[in-house]
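Undergrad: what would the 3D arrangement of this be:
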Amino acid sequence: MSSELQYTYNDSNSTAAVTTGNYASLTVVTIPLTVNNNGNTYDVTSIGDRVFKGYAGLTSVSIPDSVTSIGVEAFNTCTSLTTITIPINVTTIGTGAFGRCTNLTTIYVDQNNTNFTSTNGVLFNKNKTTILKYPQGKTQITYTIPNSVTVIDLGVFSFCTSLTYMAIPSSITSVGISAFNGCTNLANVYFYQTANLPNILNINSFLNNASGNTAYYKSGVLAPDGSDPAAYLQSKGFANTTEGIPNIICFKENSKILCLTEDRETEIEIQNIKIGDLVKTHLHGYKKVIITGQGKICNSGDDNRIKDRLYKYTKEQHPELIEDLVITGGHSILVDELTEEQKEKTKKYWKIFHKTDDKYRLLSVVDEKSIPYEQSGTFNIYHIVLEHLDETANYGIYANGLLVESCTERSLKKTKNMTLTE
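TA: I've put the predicted structure just below:
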């Protein structure tokens, strides 16, 4: 209730700031547009530093449009808050304003605010070059940082214990102090920079992550100062480093591959295919399986289109399917032609347009008919290599009735974090 709030007053400009008081009994707070004091009216323009810090019973806060400033740690450790809205005129938000709010899932921003914005409940500066706060109460196992972002601010993901893996896009140049501190299940971080790793401002940026946490980085990349990237990442809190980022080309568990068994064509679930099994190909009859691969992929469950996630194909778009097919973004279906739009999008991943037999490979991340797989979690994925004189060649095969590519021997052997059977 507004009558229980304490204020400091500035007579020179007739403004007031909410200040610290004993608010332990409050569960709902409505900050007023104006307050009266000694016969004078003051616009409420500020919420002071640490005003509501630690009030675990606070479930709802309404901030008026008159407020322009939210102080340092203003709502820190308000563990019952689930949502909060930043009004139109807020120009500054202090460090840690929403830190340790363990049940906060969504930060809303008035669409006409010229300094801040939010997407899917995540707080950014207006032009989305800096990510400011990922709510700690979100339960997704990963989050896709938009490619517009160049700076991960101080404490953005701190204590987000649901996160298990993160991709740091090539656009990122700076990772703030304590950015991922306390993410106790964060086991794998993938750095997609092509020249230099981002400037990680402090070892605390990745402090208290999962035991044995691993940083993956692209071949040829260097530390910000041009030094060894592995040593640099280890100095920032990573237990392990791996040069090279997995290029995952796989089927989700239970995908059905058309095979020949006892002179009869039958679908076999991908995880049950063994060395020596005969798989039906598009143009070359039946070919023996010579390598199988098994691994895992973390899928965000959101609608962001990135390569390292799962995509779904449905019968509505592909009537030949016997049931929905789920494959990774780096896996291709085979098509007669690529549209001009598909060609442009493919150039982001490949320098040339690849073909298998007489068909073009259409990456599922590029294919507008694929749907980002809606379930979040860690999933088992599999792939197979068929006998071929050329280790760089593959075949067209049928998965759930859809024509897709098999894996080349070279690709599967180069894929990291896959268990191979030969």
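Undergrad: direction included, what does the single longest strand found in the chain pair against?
TA: Of all segments of type strand in the chain, defined using DSSP state E, the longest is strand 286-299. In the sheet, strand 286-299 lines up against strand 278-280 (antiparallel), strand 377-386 (antiparallel), strand 419-421 (antiparallel) (DSSP bridges).
Undergrad: which stretches of the stretch 51-200 of the chain form strands?
TA: Taking DSSP state E, counting those that start in this stretch as the test, the strands found in the stretch 51-200 of the chain are 60-62, 69-70, 83-86, 92-93, 106-109, 116-119, 122-125, 130-133, 151-152, 165-168, 174-175, 188-191, 199-200.
Undergrad: give me the mean pLDDT for the third one.
TA: Right, the one you point to is strand 83-86. Averaging the model's pLDDT scores along strand 83-86 yields 98.
Undergrad: adding mean neighbour count and distance to residue 250, write the strands of the stretch 51-200 of the chain out as a markdown table.
TA: All C-beta spots, glycine's among them, are computed from the backbone N, C-alpha and C. Formatted as a markdown table, the entries for the strands of the stretch 51-200 of the chain read as follows, by neighbours: other CB atoms under 10 Å; distance: least, CB to CB, whole Å:
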| stretch | mean neighbour count | distance to residue 250 |
| --- | --- | --- |
| strand 60-62 | 16 | 45 |
| strand 69-70 | 20 | 45 |
| strand 83-86 | 18 | 37 |
| strand 92-93 | 18 | 42 |
| strand 106-109 | 18 | 33 |
| strand 116-119 | 18 | 29 |
| strand 122-125 | 20 | 29 |
| strand 130-133 | 23 | 30 |
| strand 151-152 | 23 | 29 |
| strand 165-168 | 23 | 16 |
| strand 174-175 | 20 | 29 |
| strand 188-191 | 22 | 16 |
| strand 199-200 | 21 | 31 |
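Undergrad: that older thread, in the helix or strand following the longest strand of the chain, what counts as buried?
TA: Following the chain from strand 286-299 toward its C-terminal end, the next helix or strand by DSSP states H and E is strand 310-313. Residues 310-313 are the ones in strand 310-313 that count as buried (16 or more other CB atoms under 10 Å).
Undergrad: ditto for stretch 236-249
TA: Along stretch 236-249, the positions that meet the burial threshold by neighbour count (16+ other CB under 10 Å) are 236-238, 241-242, 245-246, 248-249.
Undergrad: repeat that for stretch 225-238.
TA: Those would be 229-230, 232-233, 236-238, for stretch 225-238 by 16+ other CB under 10 Å.
Undergrad: same check, this time on stretch 392-403
TA: Judged by neighbour count using 16+ other CB under 10 Å, the buried positions of stretch 392-403 are 394-403.
Undergrad: so who does the residue nearest to residue 209 when sequence neighbours are not counted touch?
TA: Here the nearest residue to residue 209 in space, its sequence neighbours aside, is residue 186; by CB to CB, 6 or more residues apart in numbering that works out to 4.4 Å. If you count contacts by CB atoms under 8 Å, 6 or more residues apart in numbering, residue 186 has them with 163-166, 180, 206, 209-210, 213.
Undergrad: in a markdown table: those residues, plus distance to residue 368 and pLDDT.
TA: Formatted as a markdown table, the entries for these read as follows, by distance: CB to CB, whole Å; pLDDT from 0 to 100:
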| residue | distance to residue 368 | pLDDT |
| --- | --- | --- |
| 163 | 29 | 94 |
| 164 | 29 | 90 |
| 165 | 26 | 86 |
| 166 | 27 | 91 |
| 180 | 33 | 97 |
| 206 | 36 | 95 |
| 209 | 36 | 96 |
| 210 | 36 | 96 |
| 213 | 36 | 95 |
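Undergrad: show the buried residues in these.
TA: Of all those considered here, the ones buried according to neighbour count by 16+ other CB under 10 Å are 163-166, 180, 206, 209-210, 213.
Undergrad: which of those sits closest to residue 19?
TA: Compare each of the buried ones among the contacts of residue 186 with residue 19 using CB to CB and the shortest gap goes to residue 180, at 32.7 Å.
Undergrad: what about the buried residues of stretch 392-403, which are in strands?
TA: Using DSSP E, the subset of the buried residues of stretch 392-403 located in strands is 396-399, 402-403.
Undergrad: need these in TSV (columns: pLDDT and distance to residue 49).
TA: Listed next are those as TSV, based on pLDDT from 0 to 100; distance: CB to CB, whole Å:
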residue	pLDDT	distance to residue 49
396	97	63
397	98	62
398	98	63
399	98	57
402	98	58
403	98	62
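Undergrad: domain parsing for the chain?
TA: Split into domains by automatic domain parsing, the chain comes to 1-137, 139-245, 251-421.
Undergrad: right, I'll call it a day here.
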